[in-house]
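Colleague: below is the sequence, then the predicted model.
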Amino acid sequence: MSRITLYFGAVLTGLGVFYFLTTGSVHPTSLIPVWFGLALAILAVLARSEDASRRKLYMHIAVTIGLIGFLFPGFMGIRDLIKSHGSQIPLAHPAATHEQLLMAVLCLVFVLLCVRSFIVARRSGAV
């Protein structure tokens, strides 16, 4: 699972850098996915430990970061979509909304994969 965590960290980092560079943004908030991606990548490297309890700890921290990365950007992106749809006013920052929703979807997929992995590990007795 640490390899998948590393991949998701790289994708989130790429997402943040892509939106920062392509939108010409000067606001550091467009780099929020980069910080989540770096945190996941660091935890993925730490989770490659031989000690099972450390590996489990780092992966649980990673899935918690993934859950936060799903909840907050997802809430913000959906809120902006609902606000613009109900009033027929175009999105003020459509690139930011798209980035938030992409980050939320990526983090949701990561969290679901982690939960599935935790369940399989628990059932197989490899705790």
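Modeller: Cool, got the structure.

Colleague: so where's the chain uncertain?
Modeller: 86, 126-127 (pLDDT under 70).

Colleague: report the central residue of it.
Modeller: residue 107 (3.5 Å; CA atoms, centre = their mean).

Colleague: got the contact list for that one?
Modeller: 8, 12, 36, 66, 67, 68, 69, 70, 73, 74 (CB atoms under 8 Å, 6 or more residues apart in numbering). Heads up, the C-betas are built off the backbone N, CA and C, glycines and all.

Colleague: at 6 Å instead, please
Modeller: 66, 69, 70 (CB atoms under 6 Å, 6 or more residues apart in numbering).

Colleague: would you mark the buried spots in the helix or strand containing it?
Modeller: Residue 107 is part of helix 94-124 when elements are defined by DSSP states H and E. Across helix 94-124, burial judged by 16 or more other CB atoms under 10 Å covers 96-97, 99-104, 106-108, 110-111, 113-114, 118.

Colleague: show me which of these is closest to residue 82.
Modeller: residue 97 (10.9 Å; CB to CB).

Colleague: and the closest one, how close does it get to residue 15?
Modeller: Separation of residue 97 from residue 15 (CB to CB, to the nearest Å): 14 Å.

Colleague: returning to that earlier point: most neighbours, which of the contacts of residue 107?
Modeller: residue 66 (28 neighbours; other CB atoms under 10 Å).

Colleague: could I get the buried residue list for whichever helix or strand it is part of?
Modeller: Using DSSP H and E, residue 66 sits within helix 52-87. Buried residues in helix 52-87, counted by 16+ other CB under 10 Å: 55, 58-59, 61-63, 65-67, 69-70, 73-74, 76-77, 80.

Colleague: which strands and helices lie in contact with that helix?
Modeller: Judged by 3 or more CB pairs under 6 Å, 6 or more residues apart in numbering; DSSP states H and E, the packing partners of helix 52-87 are helix 32-46, helix 94-124.
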